[in-house]
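*Asks:* Provided below are the primary sequence and the corresponding predicted coordinates.
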Amino acid sequence: MLKLTRRAALASAAALGLAISAGAATAESHKTTFSMATSGSETDARSVALANVFAPMVAGFADYQPGYNGTLFAQGTELEAIAAGNLTMSITSAQELAQFFPEFSIFATGYVHQDAAHQVRVFNDPLMDPFKAKVEDELGVKLLSVMYLGRRHVNLRQTRAELDVQTPADLAGVNLRMPGTDAWQFLGAALGASPTPLAFSEVYTALASGAIDGQDNPLPTVVDKKFYEVTKQIALTAHLVDLNYIAFSKATWDSLSADQQLTVQRAADAAASWGRLKQLDMENSLADYIRSQGVEIYTPDQAAFRDHVQAQYVGSEAAASWPEGVLDRINALGN
């Protein structure tokens with residue numbers, strides 16, 4: 001019988017430990033990197049959802065590396081970075097996609113989506129299949145899931161005594177910051193304002209200096225970016241139930257095994273669901289806090305805004321790109 005001496009046992013144990021460590025290091029080195037770029041902050045609900053839900057679910061084979069506040073890529077350049085193979089994923093908008101595929105402007109149109117649940121039904125409906133396929137085939141970007149950003153409202157630096165916004169006519173001459181894409185600028189003009197293109201990272205300073213009169217975002221963003229410090233009122237126009245897509249590199253997706261692809265998809269859906277609930281909860285609870293900071297919040301004539309905004313799209317160049325019948329199908333999925 002072979003006798004194992006204490007020295008031999010220790011040597012064997014050490015060798016086994018080295019083998020395990022080497023195996024772990026090898027497994028770690030074989031992890032792929034999922035780089036993620038967003039113009040949002042680290043505390044934004046969408047960012048938190050990806051960091052706290054998505055990242056742990058893919059940690060077995062992927063190293064999630066986020067970049068916030070436009071530090072990896074400037075807002076509006078993320079999709080091109082994914083297409084070029086320089087980025088794995090981003091939180092992108094229908095407005096940004098409309099820069100490449102004008103028909104996506106239908107999902108960025110004022111008063112089209114009714115609420116968060118409606119967004120999910122639309123994204124998962126077969127009507128989205130040709131949209132998703134075109135983004136994959138022509139841009140190399142896979143749209144994994146839809147994230148709820150919230151109801152966007154008009155947020156102004158003027159007091160209500162200086163400017164009381166009840167109808168679109170009241171926004172005439174107001175320099176309202178909107179992102180620089182055509183879809184965003186069209187929406188700003190449709191609201192009755194003078195849309196001013198400006199990077200998201202510059203909005204706070206521009207409000208403080210008076211370079212712009214206002215911005216439009218959901219209440220959680222107003223709090224997250226502290227816009228309440230440099231504004232005096234919020235008119236609850238609810239002109240856009242805004243969304244983002246979790247955009248993912250098709251090349252990276254194709255390099256994954258079937259099991260890994262399933263995990264990534266489940267992780268994206270779980271993060272979107274978590275973020276959606278978090279954002280809805282904040283929307284319902286933050287108005288009192290914003291009021292406590294000296295900002296007046298009120299509801300204007302939403303019907304007047306809805307009628308005016310939707311009328312601007314009728315016969316417009318933006319609407320000309322919409323596939324026939326899609327708007328009716330979107331409406332049919334509503335409440």
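*Replies:* That came through fine. Numbers count the residues shown, from 1 in each chain.
*Asks:* My reading is that V120 lies in a helix. Confirm?
*Replies:* Yes. The assignment for V120 by DSSP: H, G, I helix; E, B strand; the rest coil puts it in a helix.
*Asks:* gap between it and V146?
*Replies:* Separation of V120 from V146 (CB to CB, to the nearest Å) stands at 6 Å. Placement of C-beta: from N, CA and C, glycine included.
*Asks:* Compare neighbour counts for these two and give me the winner.
*Replies:* V146 (25 against 20; other CB atoms under 10 Å).
*Asks:* just the strands in the stretch 1-150 of the chain please.
*Replies:* Ranges of strands within the stretch 1-150 of the chain are 32-37, 62-67, 89-92, 141-156, based on DSSP state E, counting those that start in this stretch.
*Asks:* can you give me the angle the second one makes with strand 32-37?
*Replies:* Computed with axes from the mean of the first three to the mean of the last three CA atoms, to 10 degrees, the direction of strand 62-67 lies at 20 degrees from that of strand 32-37.
*Asks:* List the buried residues in strand 62-67.
*Replies:* Neighbour counts over strand 62-67 (16 or more other CB atoms under 10 Å) mark 62, 64, 66-67 as buried.
*Asks:* relative orientation of the longest helix belonging to the chain and strand 62-67 in degrees?
*Replies:* If you go by DSSP state H, the chain has its longest helix at helix 258-285. Helix 258-285 and strand 62-67 are oriented at 40 degrees to each other (the same axes, to 10 degrees).
*Asks:* circling back to that earlier point, could the strands of the stretch 1-150 of the chain be laid out in CSV, adding mean pLDDT and distance to A206?
*Replies:* Putting the strands of the stretch 1-150 of the chain into CSV (pLDDT from 0 to 100; distance: least, CB to CB, whole Å) gives the following:
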stretch, mean pLDDT, distance to A206
strand 32-37, 97, 23
strand 62-67, 98, 23
strand 89-92, 97, 23
strand 141-156, 97, 13
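*Asks:* Just send those back as JSON lines, with distance to A271 too.
*Replies:* As requested, these are arranged in JSON lines below (distance: least, CB to CB, whole Å):
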{"stretch": "strand 32-37", "distance to A271": "11"}
{"stretch": "strand 62-67", "distance to A271": "11"}
{"stretch": "strand 89-92", "distance to A271": "10"}
{"stretch": "strand 141-156", "distance to A271": "7"}
